[in-house]
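Visitor: A structural model of the following input is requested.
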Amino acid sequence: MRHFVSTLLQRHSVSGRFFRFGIIGLSGIFVNSSILWFLHHRLGFPLWLSPIFAILGAIFYNFNLNNFFTWNDATYSRKFNYTNRLWRYYLSAALGAILNYIILIGLTNVVHMHYLYANIIGILAGTLSNFILSDRWVFKKQE
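Guide: Residues are numbered from 1 along each chain as shown. Model (predicted):
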């Protein structure tokens, strides 16, 4: 067990990065929900508009934490500058969201799986997609 935990916390291991990526993603749910509540409940934004800003805000939050915490060991030799990494992160997050949506709709309509279970599978697939794209494309090290 001790070896497993130390592996998760290693800065350069893929499992360590994925663990940090997941923790940041979970905290992003709080950011997303807080922005959604504030815009809709406190400021009166319509429900169709509030989630757009909540999602954009959570992606920005997640990007910055991942930039400085998950992939911070690559700072000296990153292939792309901050702005370039940011737009790449938004694109990879959009692809993960589309994957999540397709899986959710597919499993509920074709397999008749309960939508909450299908959503969890979609979230896991989107998370894996986001992590792979982040590791290989957004935060790519310079060769």
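Visitor: By mean pLDDT, which helix or strand of the protein comes out lowest?
Guide: Sorted by mean pLDDT, DSSP states H and E, the helices and strands of the chain end with helix 2-9, the least confident at a mean of 57.
Visitor: could you say which helix or strand contains residue 120?
Guide: helix 115-133 (DSSP states H and E).
Visitor: Checking the residue nearest to the spatial centre of the chain next. Helix, strand or coil?
Guide: Closest to where the C-alpha atoms of the chain average out (Cα atoms, centre = their mean) is residue 25, at 5.2 Å. Assigned state for residue 25: helix (three-state reduction, DSSP: H, G, I helix; E, B strand; the rest coil).
Visitor: roughly how far apart are it and residue 13?
Guide: Distance, residue 25 to residue 13, by Cβ to Cβ, to the nearest Å: 18 Å. C-beta: built from backbone N, CA, C; applies to glycine.
Visitor: Check residue 90 too.
Guide: According to Cβ to Cβ, residue 90 and residue 13 sit 26 Å apart.
Visitor: So between the two, which is more surrounded?
Guide: Each of residue 90 and residue 13 has its neighbours counted (other Cβ atoms under 10 Å); residue 90 has more, 16 against 13.
Visitor: give me the element that one is part of.
Guide: Per DSSP H and E: helix 82-109 holds residue 90.
Visitor: report the angle between the axes of that helix and helix 115-133?
Guide: Helix 82-109 and helix 115-133 are oriented at 150 degrees to each other (axes from the mean of the first three to the mean of the last three Cα atoms, to 10 degrees).
Visitor: Now do the buried residues in helix 82-109.
Guide: Of the residues in helix 82-109, 85-86, 88-90, 92-93, 96-97, 99-100, 103-104, 107-108 count as buried by neighbour count, 16 or more other Cβ atoms under 10 Å.
Visitor: so what secondary structure elements neighbour that helix?
Guide: Judged by 3 or more Cβ pairs under 8 Å, 6 or more residues apart in numbering; DSSP states H and E, helix 82-109 is in contact with helix 50-65, helix 115-133.
Visitor: Quick one: closest of the ones you listed to residue 142.
Guide: Taking Cβ to Cβ, helix 115-133 is the member of the helices and strands packed on helix 82-109 nearest to residue 142, at 17.6 Å.
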